[in-house]
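Asker: coordinates only, sequence not included:
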């Protein structure tokens, strides 16, 4: 991804339990350069290594850095996805892979707290999810309001019409995961470099059948990175790297996250042992995560913010968003009213017009793949998405049409919507064949 900085070839410290770096890939193995060491690029690089490719993973500021959409402390993992059953399937697969990674690397990454879903008004998103959850071996149960209040007395269900509880949901350690995955890439024989990359020139015919190819990537240290295939999985920078192709279709928006202090000893009431992660869908969508490695009670508004530059944007919270978060916290968790702000973060979503992911070849360069459009919900899917994309890239498969660039033709300049909205309405419908 773009940005200043020299080339650092020192890989992240190996995670406990990782094997020693293996021998180099066999002669003749395809060389794949992956730009971006976040949840998508890191897991893709690891799967490519596992399939025998020679891999170079580059990131301008390193895996899990504070500018990235995969940085920060925690991310929700949940299987409830409305009508978008593909993502529920991928969450089920990702849960297996996250659990395997914990055992292999000796690091706790997945915290199974469960998820409390609260709906004020239409709960079609939850009801459309239920058959997909059951088919994937996951589960969610509806709780009547008295039962929900008895089970979670910390929560005020004022204005809530329906409640669901998803058992295997929870949260993931975001920054720690990115660094652990990058260390696993290095241990598997890949090269991990802290250096910025830009697209190379594209020469040749136009379109997939025209034989166009991208040349070596210019790097911020003045060198070039040549490979057989290039994958750009660089989150909020992806639209800027390919402005003519993605500039109006992939937008980075400013998103503010707040961590509030619990009362003394409040972990027993407001920590992850007592409360699940929660989603509150009403006029706006708020979500929160208790615990967060003792960083505070996390509260965030999922509404799309204003346009944001992930490289040079100032990451200071706004008074308006802080006030909105405080008011929601006090309404839904009365015992937290007046809680002090401990920390705040300004990160970003990189959203597509329909809230769905992007996995496709570049239309003018057959040796280039684009992965992105996390749209505020992609982190959890990293292990499964990486597995899927590695199969496409090395196996020569065709991407799913609902994740392709072609779908943007009908939403050329539409403002991005959240997956909560598209999953409820069926727009995109990646769960359909």
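Answerer: Nice, I can see it. Owing to the predicted nature of the structure, the values given are computational and were not obtained by experimental measurement.
Asker: residue closest to the middle of this structure?
Answerer: Most central in the chain under CA atoms, centre = their mean is residue 379, positioned 2.1 Å from the mean C-alpha point.
Asker: and the closest residue to residue 270 other than its chain neighbours, how far is that from residue 313?
Answerer: Distance criterion CB to CB, 6 or more residues apart in numbering; nearest residue to residue 270, sequence neighbours excluded, is residue 262 at 4.4 Å. For the C-beta atoms, the positions are set from N, CA and C on the backbone; glycine is no exception. From residue 262 over to residue 313 the distance is 30 Å, taken as CB to CB, to the nearest Å.
Asker: and the residue nearest to residue 270, what is it in contact with?
Answerer: Each residue near residue 262 by CB atoms under 8 Å, 6 or more residues apart in numbering is listed here: 269, 270, 271, 296, 297, 336, 339.
Asker: Wait, the first one touches residue 155, no?
Answerer: No - with contacts defined as CB atoms under 8 Å, residue 269 does not count as touching residue 155, sitting 11.0 Å away.
Asker: list residues touching both of those two?
Answerer: Common neighbours of residue 269 and residue 155 (criterion: CB under 8 Å, 6+ apart): residue 275.
Asker: Next, the residues that contact stretch 234-253 from outside, please.
Answerer: By CB under 8 Å, 6+ apart, stretch 234-253 touches 1-2, 35-36, 38, 40-41, 68-70, 198-199, 232, 304-311, 348-353, 358, 362-363, 370, 372-374, 405, 408, 411-413, 416.
Asker: which element is the residue nearest to residue 270 on?
Answerer: In the assignment (DSSP states H and E), residue 262 maps to no helix and no strand.
Asker: Return the residues in contact with the residue nearest to the centre of the chain.
Answerer: Residue 379 makes contacts with 38, 39, 69, 70, 75, 172, 174, as judged by CB under 8 Å, 6+ apart.
Asker: Closest one of the contacts of residue 262 to residue 185?
Answerer: If you rank those by distance to residue 185 using CB to CB, residue 296 comes first, at 31.4 Å.
Asker: burial measure for the residue lying closest to that closest one once chain neighbours are set aside, as a count.
Answerer: Leaving aside its sequence neighbours, residue 296 sits nearest to residue 259 (CB to CB, 6+ apart; 3.0 Å). Using other CB atoms under 10 Å, residue 259 is surrounded by 23 other residues.
Asker: With the one 10 residues further on instead?
Answerer: Using other CB under 10 Å, residue 269 has 17 other residues around it.
Asker: Could you check whichever helix or strand it is part of and say which residues are buried?
Answerer: Residue 269 belongs to helix 267-270 when assigned by DSSP H and E. Buried positions in helix 267-270, judged by neighbour count with 16 or more other CB atoms under 10 Å: 267, 269, 270.
Asker: want to throw those into JSON lines with pLDDT and distance to residue 53?
Answerer: As requested, the buried residues of helix 267-270 are exported to JSON lines (pLDDT from 0 to 100; distance: CB to CB, whole Å):
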{"residue": "267", "pLDDT": "87", "distance to residue 53": "44"}
{"residue": "269", "pLDDT": "94", "distance to residue 53": "49"}
{"residue": "270", "pLDDT": "95", "distance to residue 53": "45"}
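Asker: JSON lines for those residues, including distance to residue 324?
Answerer: Shown next, in JSON lines, are those (distance: CB to CB, whole Å):
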{"residue": "267", "distance to residue 324": "26"}
{"residue": "269", "distance to residue 324": "24"}
{"residue": "270", "distance to residue 324": "20"}
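Asker: and stretch 261-271, how far apart are its ends?
Answerer: Taking CA to CA, to the nearest Å, stretch 261-271 runs 11 Å from one end to the other.
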